[in-house]
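Asks: Need coordinates for the below:
(chains A and B)
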Amino acid sequence: MFSIGPLAFTAPWLLLGLIALPILWVLLRAVPPAPVRRRFPGVALLLGLTDKDAQSDRTPWWLLLLRLLAVAAIILGFAGPVLNPQDDQGGDGPLLVVLDGTWADARDWPARIDRARIALDDAARSGRPAAIMTLTAPPAQMPDFQPAQAAAQTLPNLQPAPWEPDAEALAALAQALDGRFDTLWLSDSLARDTRRDMLAAFEARGTVRVVQTPRTTVALRPATFADGNIALSAARTPVGLPLSVPVQAIGLDPAGTERVLATVNMEIPPGEAVGETLLSLPAELRNRITRFAVAGVRSAGAVTLTDDALRRREVALIAGGGEAEGLDLLSPLYYLREALEPTADLIDGTLEDVLLANPDVIVLADVANLSASEADDIAIWVENGGLLLRFAGPRLAASDVGRMTEDPLLPVRLRAGGRSIGGAMSWGEPKALAPFPEGSPFYGLAIPQDVSVTAQVVAQPDPTLADRVIAGLADGTPLVTRKALGQGQVVLMHVTANAEWSSLPLSGLFVQMLERLAVSTRPATPEAEALEGTVWLPQARLDAFGQLTDATTEAGVPGEALAAGTVGPDLPPGLYAFDETQIAVNVADADTTLATAQWPARIPVEGLDIAQELPLKGWLIAAALALLAIDVIASLAVGGRLRGPRADVAAAVLLALMIATPQDARAQDADEFAIAATQAVSLAYVTTGDPRIDEVSEAGLRGLSDVLFRRTSIEPVAPTALNIETDELAFFPFLYWPMTPGQALPSREAYAKLNRYLRSGGMILFDTRDADTARFGSSSPEGRQLQSIAMSLDIPALEPIPEDHVLTRTFYLIQDFPGRTASRDVWVEAAPPDAEQAEGMPFRNLNDGVTPVVIGGNDWARAWAVDQFGDPMFPVGRGSAGDTQREYAYRFGVNLIMHVLTGNYKSDQVHVPNLLERLGQ
Amino acid sequence: MNDPVALRARAEASASALPPLLAAAEHLASTVILGDHGRRRAGTGDTFWQYRPAQSHDSARSIDWRRSARSDGAFVQDKEWQIAQSVVFWVDQGASMRFSSAPAIAQKSTVARTLALACAILLTRGGERVGLTGAALPPRRGTAQIAQMAALLSQDDPSDYALPEARGMVPHSRAVFVSDFLSDLAPIETALTRAADRGVRGALVQVLDPQEEAFPFDGRTVFESMTGGLRHETLKAGDLRDRYLDRLAERKDRLTALARTTGWQFTTQHTDAPATQALLWLYAAMEQPI
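Replies: Predicted coordinates:
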């Protein structure tokens, strides 16, 4: 290959042909253009005329230059020029292309695939067999080498995986490698322990080349909750400049649409491996977040899913007793506040206000009496999924709530007064708690020895009591009872929320019980023991590109795997659920750090981007053809063939060659259209696509325009055909729209335009032309078409034209609205229901608005239609009765246009007596 | 195109738009034959012209007794003198007339024939006698004559430029020559002067294609006559344009001058213009008294 700079020629000897160009110049110059033979009777007059310039007409220099350029382009083109020619990559053995295939690759995966394809193409050119694999999905044995073309065809099958290569699988692969081959390793540029062994294994088989880009990789660590804010941190390969990482908080909005709820920029200083930032959000927004993602990066590492750890429940605390002064430690809510503050958002306020905030939990501490409306509101709230947690206390014990019948907001009936145990005035010891029964939400919680209960409210024995007890005292009396109400539940602690009746609120058990009741949430990932033996169902799966897909159909994952926390094929990143709890498994954990992979000096490292080889042959030959095409035209022009008898053919060819852009012309057309349409009144009709119908519409409106011109002061110009898709409707007060079964439904934009037209005072006369045989649409095809077209139109309620409608007297007094057929059923906008009969007038007070639509099937256009001599085009009826009917059709048309243009001023006649009276006459 | 039936249909269509042409009457005793045309003077005829007192040479049979009874003198009824005119046509049948520069434009021969025949039909309707110069079709009346004329006009002449035929012209009649007049002018001059010598007046209609008027050529061109008999090669046709147009104008001038000296009239008709235009002009030319 012979190369000049970035340009090389595959057949450089052909360039010698360029020497022939000057010879060609001389030759072309010497030969005049061939004469045109023309038949011309006037030749008799030409005889004897001689040319003034005796020398032969030479080909003009620019035409010569054009031809020479074309020939030069052809010579250059066939010499096979190639831009950025690829040097031979060396080696002739089999080629193994290895991709890391991790989440860090996903970001520029297409570029990697392209690079692999270039390598495989090279291999194909030099006849090397090739194989391809990713380290995240390593084959169990040595991959088979196939022809590089075939290997290249499997490239689209390769996908990155959202995890790192597994060390064991790689060790097995290193063992399985066999034979001699060269390796091209497309690294994801992250350092990891397995690299050294794999490199050694590949080097043992042949030369290794590495493709790696020195770019920064960012992995988002799981978000945590810190001091009311969300703490975000990200790890990156500590190279290069300061980095600003835009992190988006993504979640569902109230409408259920996923959207970006907040964006925060995380600044990572130069050289730092970890960046951190805080995000402060209202609790409502925070609880909606499902994941954080780095904007614009398609990689699983740039996404971190959130789980219950970030979710905080809203708990409303309401105590009875109101304004009582007292020590904090005696406040019924003090211990609750202390227990819940770290893990939940607390809401204070009156019950009404609190209910508006729709909290997750309402705690009523010793609140006995609720007003009926409050009780109803709370019941509704509970039935919609709320958790009502009530604590007993002196007030509840003293009240009559739930004595005789079960209160809906109490799980059990209560005995009057409660009981005290182990006090000064009673026998017995303070009672300890019994172990929690199986099936209770508290099952498995250890009971501290020092928790004792000295007083409680006591449940009435009841057939349902046993089912509702979820914790009891050692003597079997209920301590915590629960019942379901709708989708929610009501829980009653039979002791106070402060330490007055029991030492429970002082113990850690109190917090754990609240957590189990889902009043507060789990502060951190469950312990390994807690996960043992559980099976977690995948809810959503994160792929290497950071996309969430539904995974509810996939097999469950054992809790042990979750506890180990190693992301891999067995535990793909995603969201896992067990019972009510959700755990997010992310690519990066809280300790993830990233480093750039380092390679020994003996390994050549290439960049990902290499200049693409660009053969120029096709371009040059295309250019030569274009030049020759221009030469054809130019030769015709020079030879006088663009004029004379065959000029039309030449002109057609020229026109085809010059593809003009009609944009400006169209804009100009639109302006002209607007000016023409607004200069005078023009009735318009909607084109249906059926030329016959459109012709009739045109003739009909022309006939009506003539009648208007003769009889009224309306002087319309020729009717306008409107394409509702492209034309502006606003210039026309009146549209005639005949229905044909075959016409297309308007597009969305056309509908918007039509609705705007109807709202802004336009009128459409829909004509089904079927004489209303179908009585609005049930069976005639035109009627059905009208229904489907009008479905999306903003059409008000309709009624058949009432006798006092203003259409019956805008110009002529008419009561029938015939067209070519004479059905009485013509529909207009319905009068308001409160219209009243005007005093002394035969019609009602109807003063507002012009009906936006008139719908009928009387085929008016055919009755109005006239030909170019002004004679009717279609017969109407028979004899003089027919003439009368046509006359009435015209009168209806006149009334209609009058109605459109003058509105309903005729209705104002009802005011005439009042006006006269006001004038004092 | 040259089918007689089609030619006649076109001619009829063209003629239907005009009122019958009344040729100006002229005293040509030798050609007087009773016809439908009042000559505005007393003579032989069918329609009443005037009463005049009976002269001595009037026979008693010719006295109009009804008129005479109302007065003392005897009166004779004179009839209006009615005569017919003979119009002969010469239409160039040469190959040069079969030229048309574009498919949408009719051949010159088609235009010429239609024009001539339309004029003949009008004249026939007006009661005149029409025919062709030469011996082929002497002037006669009637639709059969028109049909025969259409048939004869549809024949083509193989030569490039046909020579005008001046024989067979009735003295003091009228003649219409339709041609492109692009050939040698000498025979035309001879024919016209001979006709004028015999008292024949008429009209020259030159039919030209728009391309022959515009000469829109350029570049190296070989011009050939329709049969290929004449050739002229030029290297720059554009240079010839002005001189060609000069020659054409000069030719028209000569024809106009010739017409003026012989008492004929001359016009140029283009094939892309409506034929009615030329027919109107012929109408006017035929009405003009000699």
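
Asks: Doesn't A:V26 belong to a helix?
Replies: Yes: under DSSP: H, G, I helix; E, B strand; the rest coil, A:V26 sits within a helix.

Asks: what pLDDT, on average, does the helix or strand encompassing A:W185 get?
Replies: A:W185 is part of strand A:182-186, with elements assigned from DSSP states H and E. Mean pLDDT, strand A:182-186: 88.

Asks: Now do that strand: which elements does it pack against?
Replies: strand A:95-99, helix A:109-125, helix A:194-203, strand A:208-211 (3 or more Cβ pairs under 8 Å, 6 or more residues apart in numbering or on different chains; DSSP states H and E). Any C-beta I mention is one placed from the backbone N, CA and C, and that applies to glycine too.

Asks: contacting residues for whatever residue of the stretch 51-200 of chain B ends up closest to chain A?
Replies: Across the stretch 51-200 of chain B, the shortest distance to chain A (Cβ to the nearest Cβ) belongs to B:S96, at 3.7 Å. Contacts of B:S96 were listed using Cβ atoms under 8 Å, 6 or more residues apart in numbering or on different chains, and they are A:P41, A:A44, B:K108, B:D160, B:Y161, B:D180, B:L182, B:S183, B:S225, B:M226.

Asks: What is the three-state secondary structure of the nearest residue to it once chain neighbours are set aside?
Replies: Excluding the flanking residues, the one nearest B:S96 by Cβ to Cβ, 6 or more residues apart in numbering or on different chains is A:P41, at 3.7 Å. Three-state call for A:P41 (three-state DSSP): coil.

Asks: The one 4 residues further on now?
Replies: With three-state DSSP as the basis, A:L45 sits in helix.

Asks: That one - how many residues pack around it?
Replies: 23 (other Cβ atoms under 10 Å in any protein chain shown).

Asks: surely it meets B:R251?
Replies: Yes: with contact defined as Cβ atoms under 8 Å, A:L45 reaches B:R251; the gap is 7.1 Å.

Asks: sorry, back to before: dump the strand holding A:W185 to PDB, restricted to CA.
Replies: Provided in PDB are the C-alpha atoms of strand A:182-186 (Å, rounded to 0.1, in the frame of the first residue of the first chain):
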ATOM      1  CA  ASP A 182      -3.100 -14.200  21.100                       C
ATOM      2  CA  THR A 183      -5.300 -12.300  23.400                       C
ATOM      3  CA  LEU A 184      -6.900  -8.900  23.100                       C
ATOM      4  CA  TRP A 185      -8.300  -7.900  26.500                       C
ATOM      5  CA  LEU A 186     -10.800  -5.000  26.600                       C
END
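
Asks: partners of it, with directions?
Replies: strand A:95-99 (parallel), strand A:208-211 (parallel) (DSSP bridges).

Asks: if we can go back for a sec, list just the nearest of the contacts of B:S96 to A:G508.
Replies: Using Cβ to Cβ, B:K108 comes nearest to A:G508 of the contacts of B:S96, at 120.2 Å.

Asks: hey, what's in contact with both of A:L45 and B:R251?
Replies: With Cβ under 8 Å, 6+ apart as the test, A:L45 and B:R251 both reach B:L182.

Asks: okay, now B:L208: neighbour count?
Replies: B:L208: 22 surrounding residues under other Cβ under 10 Å.

Asks: Dig out what it forms beta bridges with.
Replies: B:H270.

Asks: contacting residues around it?
Replies: B:K108, B:D180, B:T268, B:Q269, B:H270, B:T271.

Asks: try A:A623
Replies: A:A73, A:G77.

Asks: Next: A:G127.
Replies: A:D92.

Asks: can you tell me the helix or strand for it?
Replies: Using DSSP H and E, A:G127 falls outside every helix and strand.

Asks: Chain B versus that one, what's the distance?
Replies: 58 Å (Cβ to the nearest Cβ, to the nearest Å).

Asks: mind giving me JSON lines with the helices and strands packed on strand A:182-186 and columns for mean pLDDT and mean neighbour count?
Replies: Below are the helices and strands packed on strand A:182-186 laid out as JSON lines (pLDDT from 0 to 100; neighbours: other Cβ atoms under 10 Å in any protein chain shown):
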{"stretch": "strand A:95-99", "mean pLDDT": "89", "mean neighbour count": "26"}
{"stretch": "helix A:109-125", "mean pLDDT": "86", "mean neighbour count": "19"}
{"stretch": "helix A:194-203", "mean pLDDT": "87", "mean neighbour count": "17"}
{"stretch": "strand A:208-211", "mean pLDDT": "87", "mean neighbour count": "21"}
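
Asks: quick one: which of these is nearest B:L235?
Replies: helix A:109-125 (57.2 Å).

Asks: ok, residues contacting the next helix or strand after the closest one?
Replies: Downstream of helix A:109-125, the next assigned helix or strand under DSSP H and E is strand A:129-134. Contact partners of strand A:129-134, identified using Cβ under 8 Å, 6+ apart, comprise A:94-101, A:116, A:119-120, A:123-124, A:139, A:143-148, A:151-152, A:154-155, A:158, A:160-161, A:181.

Asks: same thing but 7 Å
Replies: By Cβ atoms under 7 Å, 6 or more residues apart in numbering or on different chains, the residues outside strand A:129-134 that reach it are A:94-101, A:116, A:120, A:123, A:139, A:143-148, A:151, A:154-155, A:158.

Asks: how many neighbours does residue 143 have?
Replies: No chain specified, so I'll use chain A. For A:P143, using other Cβ under 10 Å, the count is 21.

Asks: that answer is for a different chain, and I need it for chain B
Replies: Neighbour tally, B:T143, other Cβ under 10 Å: 11.

Asks: and if you look at the one 5 residues further on?
Replies: Neighbouring residues of B:Q148 were enumerated by other Cβ under 10 Å; the total is 17.

Asks: residues contacting the residue lying closest to it once chain neighbours are set aside?
Replies: Closest residue in space to B:Q148, ignoring its immediate chain neighbours: B:L137 at 6.1 Å, by Cβ to Cβ, 6+ apart. By Cβ under 7 Å, 6+ apart, the contact list for B:L137 reads B:G131, B:Q148, B:M149, B:L152.

Asks: repeat that with 8 Å
Replies: B:G131, B:Q145, B:Q148, B:M149, B:L152.

Asks: low pLDDT regions in chain B?
Replies: B:1-2, B:4, B:12-46, B:80-84, B:126, B:287-290 (pLDDT under 70).

Asks: circling back: any idea how far the residue nearest to B:S96 lies from A:E272?
Replies: 95 Å (Cβ to Cβ, to the nearest Å).

Asks: Those two - which one has more neighbours?
Replies: The residue with more neighbours, out of A:P41 and A:E272, is A:P41; 27 against 14, by other Cβ under 10 Å.

Asks: Is it correct that the more buried one is in contact with B:S225?
Replies: Yes: at 6.3 Å, A:P41 counts as touching B:S225 under the criterion of Cβ under 8 Å.

Asks: Skipping its backbone neighbours, what lies nearest A:A624 in space?
Replies: According to Cβ to Cβ, 6+ apart, the nearest residue to A:A624 is A:A73 (3.8 Å).

Asks: With only the CA atoms kept, save the helix or strand the one you found falls within in PDB.
Replies: Using DSSP H and E, A:A73 falls within helix A:61-78. C-alpha atoms of helix A:61-78 as PDB (Å, rounded to 0.1, in the frame of the first residue of the first chain):
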ATOM      1  CA  TRP A  61     -12.600  25.900 -20.900                       C
ATOM      2  CA  TRP A  62     -14.900  25.400 -17.900                       C
ATOM      3  CA  LEU A  63     -16.600  22.500 -19.600                       C
ATOM      4  CA  LEU A  64     -13.200  21.000 -20.300                       C
ATOM      5  CA  LEU A  65     -12.200  21.500 -16.700                       C
ATOM      6  CA  LEU A  66     -15.400  19.800 -15.600                       C
ATOM      7  CA  ARG A  67     -14.700  16.800 -17.700                       C
ATOM      8  CA  LEU A  68     -11.100  16.500 -16.700                       C
ATOM      9  CA  LEU A  69     -12.100  16.700 -13.000                       C
ATOM     10  CA  ALA A  70     -14.500  13.900 -13.600                       C
ATOM     11  CA  VAL A  71     -11.900  11.800 -15.300                       C
ATOM     12  CA  ALA A  72      -9.400  12.600 -12.500                       C
ATOM     13  CA  ALA A  73     -11.900  11.600  -9.900                       C
ATOM     14  CA  ILE A  74     -12.500   8.300 -11.700                       C
ATOM     15  CA  ILE A  75      -8.800   7.600 -11.900                       C
ATOM     16  CA  LEU A  76      -8.300   8.400  -8.200                       C
ATOM     17  CA  GLY A  77     -11.300   6.400  -7.300                       C
ATOM     18  CA  PHE A  78     -10.200   3.300  -9.000                       C
END
